[in-house]
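# kindly return the folded structure for what I paste below:
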Amino acid sequence: MLAPAHRALARAIRDARRPFVRAFATGEKSAIASAINEITSPRELDEIVPASHTTAIVFDFYADWCGPCKQLTPTLERIIKERYPKVALVKLNADAPALAPVMEQLRISSLPTVMGLSRGRFVDQFKGAIGESDVVKFVDGLIRDLELDDGATGEDEEVGEEDGDAAATREDAVAATFAATFAADATTRERIAKTLSEVINAKENIGPELKCRALAASAMLAIRGDAPDEEGARRLVDAGRGLVEGFAEPRELACAEAWIELVSDIKMFGVSTDVGALEAVHEAEPKNFDAVRALALARFASGDQSGAFDVALLAVKAGFGANEIREEGKKLVVQLISACAPGDPLAEATRKRLASAWFI
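You can find the predicted model right below:
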């Protein structure tokens with residue numbers, strides 16, 4: 001049987017795999033208008049997510065230039081039309097600028113990417129064009145999930161031993177709990193915090209490396225809360241470092257520390273939370289490094305990582321200013337990259353952009 005901390009961690013992992021779109025859920029049930037739908041802005045998710053409590057939703061991330069997308073779409077649309085209103089398709093054009101935050105937060109890195117939503121959380125996905133029989137299995141499995149009793153996902157459910165053992169493996173646990181600190185609603189964050197506490201205080205079955213990573217995730221929760229607890233987050237990071245012996249320091253600790261420094265800089269430089277006002281200042285003085293730094297920090301803290309990198313990289317390019325200023329711009333970009341979750345594709349892409357901007 002699983003230890004209590006493992007069972008709690010398994011539940012937390014299940015919730016953590018319900019990405020950013022959970023933040024839009026209201027809990028109220030609503031109907032989706034037709035079998036095939038297309039959204040062009042994140043705001044439209046306000047209606048889509050609640051509808052997933054009565055109709056399973058298939059998200060199709062595509063682009064007009066994508067060959068595999070054109071191959072998959074007709075099959076996907078036909079199968080879903082045959083099963084509507086049990087399931088509906090929501091198409092999202094990856095080239096639509098307004099959808100960039102959704103693409104980023106759901107880590108969409110290849111096309112087509114198809115994700116299944118049931119009762120307000122993602123339960124399955126696939127990438128690339130797959131055969132008709134596999135599409136049928138995917139869609140029917142999503143419908144079956146929706147038809148399951150909601151009690152199966154309740155607070156007091158027992159996690160099966162086989163599922164729990166798989167979920168509580170070290171890498172899955174680390175990735176899920178840490179990722180949840182980046183993109184979870186308040187309820188999930190509270191539940192994750194409780195679970196992390198159980199992991200950190202467990203007397204057996206959980207080693208120091210996993211506890212170290214749980215401390216890093218707890219530090220992220222502390223620094224990214226509505227009222228950032230800088231002192232508490234630093235204590236948690238220090239406690240995590242105190243456990244590092246015989247294994248490499250987890251990257252999550254550096255990430256949490258980078259967030260602490262980011263929040264500290266926002267306070268030290270008096271950065272406003274009014275991104276629109278900061279954009280106006282930057283437009284008026286495009287080569288003012290202070291304006292670039294303030295806007296980059298504010299965008300990043302608000303969740304617009306892509307926008308933050310775009311503006312921070314401006315200070316690195318030749319012609320922005322003296323080499324000393326460009327060095328400061330480089331430090332700013334590295335700071336923001338460090339504050340991204342380990343393995344974040346946007347961070348990796350920005351490293352390459354930084355090298356290009358610095359040397360060209």
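# okay, CA-based contacts and neighbour counts for the rest of this
OK.
# residue most distant from the centroid, this protein?
Most distant from the centre of the chain: residue 322, at 36.2 Å, with distances by CA atoms, centre = their mean.
# for the stretch 101-250 of the chain, what spans make up the strands?
All strands of the stretch 101-250 of the chain, identified by DSSP state E, counting those that start in this stretch, fall at 113-118, 121-127.
# looking at the ones you listed, which is closest to residue 210?
strand 121-127 (25.3 Å; CA to CA).
# what's the angle from the closest one to strand 113-118?
With axes from the mean of the first three to the mean of the last three CA atoms, to 10 degrees as the basis, strand 121-127 and strand 113-118 are set at 160 degrees to each other.
# residues in contact with residue 206?
Taking CA atoms under 8 Å, 6 or more residues apart in numbering, we find residue 206 in contact with residue 199.
# helices of the stretch 151-300 of the chain, start to end?
With DSSP state H, counting those that start in this stretch as the criterion, the stretch 151-300 of the chain has helices at 161-167, 170-180, 186-200, 208-223, 230-243, 251-268, 275-284, 289-302.
# tell me which of the strands of the stretch 101-250 of the chain is the most buried.
Per-stretch averages of neighbours, counted by mean count of other CA atoms under 10 Å, single out strand 113-118 among these, with a mean of 22.
# returning to that earlier point: adding mean pLDDT, distance to residue 141 and mean neighbour count, write the helices of the stretch 151-300 of the chain out as JSON lines.
JSON lines is the format used below for the helices of the stretch 151-300 of the chain (pLDDT from 0 to 100; distance: least, CA to CA, whole Å; neighbours: other CA atoms under 10 Å):
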{"stretch": "helix 161-167", "mean pLDDT": "40", "distance to residue 141": "18", "mean neighbour count": "15"}
{"stretch": "helix 170-180", "mean pLDDT": "57", "distance to residue 141": "23", "mean neighbour count": "21"}
{"stretch": "helix 186-200", "mean pLDDT": "78", "distance to residue 141": "25", "mean neighbour count": "19"}
{"stretch": "helix 208-223", "mean pLDDT": "88", "distance to residue 141": "32", "mean neighbour count": "26"}
{"stretch": "helix 230-243", "mean pLDDT": "93", "distance to residue 141": "41", "mean neighbour count": "18"}
{"stretch": "helix 251-268", "mean pLDDT": "91", "distance to residue 141": "34", "mean neighbour count": "20"}
{"stretch": "helix 275-284", "mean pLDDT": "92", "distance to residue 141": "43", "mean neighbour count": "16"}
{"stretch": "helix 289-302", "mean pLDDT": "92", "distance to residue 141": "36", "mean neighbour count": "22"}
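# distance to residue 88 added to the ones you listed, as JSON lines?
Shown next, in JSON lines, are the helices of the stretch 151-300 of the chain (distance: least, CA to CA, whole Å):
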{"stretch": "helix 161-167", "distance to residue 88": "29"}
{"stretch": "helix 170-180", "distance to residue 88": "27"}
{"stretch": "helix 186-200", "distance to residue 88": "26"}
{"stretch": "helix 208-223", "distance to residue 88": "35"}
{"stretch": "helix 230-243", "distance to residue 88": "43"}
{"stretch": "helix 251-268", "distance to residue 88": "38"}
{"stretch": "helix 275-284", "distance to residue 88": "36"}
{"stretch": "helix 289-302", "distance to residue 88": "32"}
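# which of those helices sits closest to residue 335?
With CA to CA as the criterion, residue 335 lies closest to helix 251-268 of these, at 6.4 Å.
# which helices and strands does that closest one pack with?
Judged by 3 or more CA pairs under 8 Å, 6 or more residues apart in numbering; DSSP states H and E, helix 251-268 is in contact with helix 208-223, helix 230-243, helix 289-302, helix 323-338.
# of those, which is nearest residue 357?
Nearest to residue 357 among the helices and strands packed on helix 251-268 is helix 323-338 (9.5 Å), distances taken as CA to CA.
# how far off centre is the closest one?
On the basis of CA atoms, centre = their mean, to the nearest Å, helix 323-338 sits 24 Å off its chain's mean C-alpha point.
# one more: stretch 130-139?
Centroid separation between stretch 130-139 and its chain, computed with CA atoms, centre = their mean, is 27 Å.
# in it, what's buried?
Residues of stretch 130-139 classed as buried by neighbour count (16 or more other CA atoms under 10 Å): 135, 138-139.
# any idea which of the residues you listed is closest to residue 42?
Nearest to residue 42 out of the buried residues of stretch 130-139 is residue 139 (CA to CA; 23.6 Å).
# separation between the closest one and residue 194?
Going from residue 139 to residue 194 by CA to CA, to the nearest Å gives 34 Å.
# touching, residue 262 and residue 297? I think so.
Yes - using CA atoms under 8 Å, residue 262 is in contact with residue 297, at 7.2 Å.
# walk me through the domains of the protein.
4-153, 169-268, 275-359 (automatic domain parsing).
# by mean pLDDT, show me the worst of those domains.
Mean pLDDT per stretch puts domain 4-153 lowest among these, at a mean of 78.
# any idea how far stretch 348-359 is from the middle of the chain?
How far stretch 348-359 lies from its chain's middle: 22 Å, per CA atoms, centre = their mean.
# got a list of contacts for it?
309, 313, 316-318, 330, 333, 337.
# if we can go back for a sec, which one of the helices of the stretch 151-300 of the chain lies nearest to residue 64?
The nearest among the helices of the stretch 151-300 of the chain, by CA to CA, is helix 289-302 at 29.4 Å.
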